[in-house]
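> Quick one: sequence and predicted model below, then my questions.
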Amino acid sequence: MRSYRILVCLLVCSLVQVTSSMAAEMTTKHEYMPGREKAIPHVSGDKEFSNTYQYWKDPESLKKAVDDGLMSHEMNFKDFRWMEKSMEGDMVLEEGLAYFNQENESGKSCASCHGEDGAELKGVYATFPKYNKRVNRVLTGPSQIEVCAKERLQRDDWGPDTRPNSLIAFYVASLADGATINVDTSSEPMAAAYERGRDLYFKRVGQFHYACSSCHTPPTAGNYLRGQRPTTFFGDAAQYPIYHFPYQLAGDDYSYVFTMQHQIRSCQQLSRMYQGKEGSASMTDIEVFIRASSNGYPMSIPVAEYNMNTDYLERNIDQ
Amino acid sequence: MSNKSCFQLSAINLLMRGVAIVMLLGIGFVATAAENEKPQWVPGQPYPPELLDQYPCHSYELECGQLPPPPIEKVEFNEELNGDPDRGEKIAINLRWGNCIACHKLPGHETGSGTVGPSLVDYAERSLPYSYTFQRIWDPRVVNPDAHMPVFGPNRILTKNDIVDVMTFLYATK
């Protein structure tokens, strides 16, 4: 009797094992969207993805493409994302500067270390995220601001998803307006962070089982997602943080400024993925990947995510 | 290896019996009450963010970061199409339900839609089999492993009924 039960058990077990290993084989193949291996940490990598790079690789090409009458989606939507500066955004920078200069109880501010109005921080934002030896961690711009605020100014409430942090990040980024993005992924630990971030970017997750790349590579990129216009992951980081009126991230008040970390969360929420914690290891890796994908492109701050011109919606696009 | 999983199987067995006994005793009420406190997604409403960690996610720390993808579901459909086309249309154009319009032009909705997928305006005229269409919507990975459509069936975004209604809408001739 006993051996009979063991036999049945063995049989069932091997069956269970066969089916579960089959399932594993069937599914792991589909865990990533294709294309990871083609990505490189430079804006020209777009050539492998969208065939639009020639139209927006520099301001002259973009201007020519617009004059030639190309449509937004044929330029990977870079025309309005990148060309025009935002007046409203400019006004918000004043608020960022006020936080930058705001003294704590002992009379210290960001300016105490980084010069009046951030004179010492020109161009710096174009190199973030960056490995910080002292804290032994890769830091995004907002995470660096958090570390500085906590350690030097005893401000524990200036974390990455707070208003002062986002507005300071916006201001500091504006000091790099025109600087060429240069996130150095040539050595460890940044090289590994880039690769992990790239894998996460192509990993299918969430209720829809989408990857970031589901929308940010063709056919979704370069097309219209209802009224929205997703682009490839090259070049756009050059405008972040970005003025995002009229949309705010649910439950927060950033004065409509989106850092890259907010944007990632916003896309996660939009596509029913579990939202990451800003500044966490995985979210930082994703930002390393996105920002390094803009290497070689000039920063343009402040610009607005949404232009109010919606002509493109009226046009008829047949495919 | 198989010895170990045998043990697991019988352990689960024991556990199930335990659960059955607990339920018989009425202790199950506590569990159900706790279950009810979790928010539920109402189609057409925003998806409660706190429910999303049941699917794979990006995190290195949370369990959802290690979850495998939902198994691919191959489905059959040999029935008549007698759903509710009006309800189907609602599902197809609602941003927080089927949202087909995000990517496809739909019958009666030629403007303002997305352009990611092929137009479905004349879908009825193309006489594609119901079984193909049902599978495409339920789990597109069977047709195209790298499909850009959501996995509506496996992750319970749409029920079978919902999909039949959407199909009834798509196949209805104007």
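Received, thanks.

> contacts, neighbours, all on C-alpha from now
Noted.

> isn't residue B:159 right next to residue B:153, touching?
Yes - Residue B:159 is in contact with residue B:153 according to Cα atoms under 8 Å; the separation is 6.6 Å.

> more neighbours, the two?
residue B:153 (22 against 14; other Cα atoms under 10 Å in any protein chain shown).

> Quick check: that one vs residue B:44, distance?
Applying Cα to Cα, to the nearest Å, one obtains 17 Å for the distance of residue B:153 from residue B:44.

> do residue B:89 as well
As defined by Cα to Cα, residue B:89 lies at a distance of 13 Å from residue B:44.

> who's more crowded, those two?
More neighbours sit around residue B:89 than around the other of residue B:89 and residue B:44, counting by other Cα under 10 Å; the figures are 24 against 14.

> In terms of helices and strands, where is the more buried one?
Element membership for residue B:89 (DSSP states H and E) is helix B:85-93.

> got the CA positions of that helix in PDB?
Presented in PDB, the C-alpha positions along helix B:85-93 are these (Å, rounded to 0.1, in the frame of the first residue of the first chain):
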ATOM      1  CA  PRO B  85     -22.400  45.400 -29.800                       C
ATOM      2  CA  ASP B  86     -23.100  48.600 -27.900                       C
ATOM      3  CA  ARG B  87     -21.400  47.300 -24.800                       C
ATOM      4  CA  GLY B  88     -18.600  46.200 -27.000                       C
ATOM      5  CA  GLU B  89     -18.200  49.600 -28.500                       C
ATOM      6  CA  LYS B  90     -18.100  51.100 -25.000                       C
ATOM      7  CA  ILE B  91     -15.400  48.700 -23.900                       C
ATOM      8  CA  ALA B  92     -13.400  49.400 -27.100                       C
ATOM      9  CA  ILE B  93     -13.300  53.200 -26.700                       C
END
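
> Only the buried residues of the helix or strand just after that helix, if you could.
Following the chain from helix B:85-93 toward its C-terminal end, the next helix or strand by DSSP H and E is helix B:130-138. Buried residues in helix B:130-138, counting neighbours by 16 or more other Cα atoms under 10 Å in any protein chain shown, are found at B:130, B:132, B:133, B:134, B:135, B:136, B:137, B:138.

> Can you give me the neighbour number for residue B:78?
9.

> who's in contact with it?
By Cα atoms under 8 Å, 6 or more residues apart in numbering or on different chains, the contact set of residue B:78 is B:130, B:131.

> repeat that with 7 Å
Applying Cα atoms under 7 Å, 6 or more residues apart in numbering or on different chains, one finds that residue B:78 lies in contact with residue B:131.

> Next, it: secondary structure please.
State at residue B:78, reduced to three classes by DSSP: H, G, I helix; E, B strand; the rest coil: coil.

> that older thread, list the helices and strands the helix holding residue B:89 packs on?
In this structure, helix B:85-93 makes packing contacts with helix B:160-171, judged by 3 or more Cα pairs under 7 Å, 6 or more residues apart in numbering or on different chains; DSSP states H and E.

> got a list of contacts for the helix it packs on?
Taking Cα under 7 Å, 6+ apart as the criterion, the residues outside helix B:160-171 that touch it are B:81-89, B:91-92, B:123-124.

> One more: stretch A:108-117?
Residues outside stretch A:108-117 that contact it (Cα under 7 Å, 6+ apart) are A:97, A:100, A:101, A:102, A:103, A:118, A:120, A:121, A:153.

> Which of the residues you listed sits closest to chain B?
residue A:153 (29.5 Å; Cα to the nearest Cα).

> The closest one: neighbour count?
The local packing of residue A:153 (other Cα under 10 Å) involves 18 other residues.

> For the residue most central in space within chain B, give its distance to residue A:88.
With distances taken as Cα atoms, centre = their mean, chain B has residue B:156 as the residue nearest its mean C-alpha position (2.6 Å). Here residue B:156 is placed at a distance of 42 Å from residue A:88 (Cα to Cα).

> Then residue A:208?
The spacing between residue A:208 and residue A:88, counted by Cα to Cα, is 35 Å.

> Who has more neighbours out of the two?
Here residue A:208 and residue A:88 are set side by side on neighbour count (other Cα under 10 Å), and the busier one is residue A:208, at 21 against 13.

> That one touches residue B:153, doesn't it?
No - counting by Cα atoms under 7 Å, residue B:153 is not a contact partner of residue A:208; they are 9.9 Å apart.

> For the residue nearest to the centre of chain B, report the pLDDT, please.
Per-residue confidence at residue B:156 stands at 95 (pLDDT).

> my guess is it is in a helix, correct?
No - in this structure, residue B:156 is coil, not part of a helix, as judged by three-state DSSP.

> Can you name the residues that contact it?
Shown here is residue B:156, which makes no contacts under the criterion Cα under 7 Å, 6+ apart.

> for chain A, what spans make up the strands?
A:130-132, A:137-139, A:242-243, A:257-258 (DSSP state E).

> before we move on, back to that, which other residues reach the helix holding residue B:89?
Under the contact criterion Cα under 7 Å, 6+ apart, helix B:85-93 has outside partners B:97, B:98, B:99, B:100, B:101, B:162, B:165, B:166, B:168, B:169.

> Just the buried residues of that helix, please?
B:85, B:88, B:89, B:90, B:91, B:92, B:93.

> got it, and stretch B:59-70?
Using 16+ other Cα under 10 Å as the burial criterion, the residues of stretch B:59-70 that qualify are B:59, B:64, B:65, B:68, B:69, B:70.

> Between the contacts of stretch A:108-117, which sits nearest residue A:134?
Minimum distance to residue A:134 across these is 17.4 Å, recorded for residue A:153 (Cα to Cα).

> Redo the contacts of helix B:85-93 as TSV? Include pLDDT.
As requested, the contacts of helix B:85-93 are exported to TSV (pLDDT from 0 to 100):
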residue	pLDDT
B:97	95
B:98	96
B:99	95
B:100	96
B:101	95
B:162	98
B:165	98
B:166	98
B:168	97
B:169	97
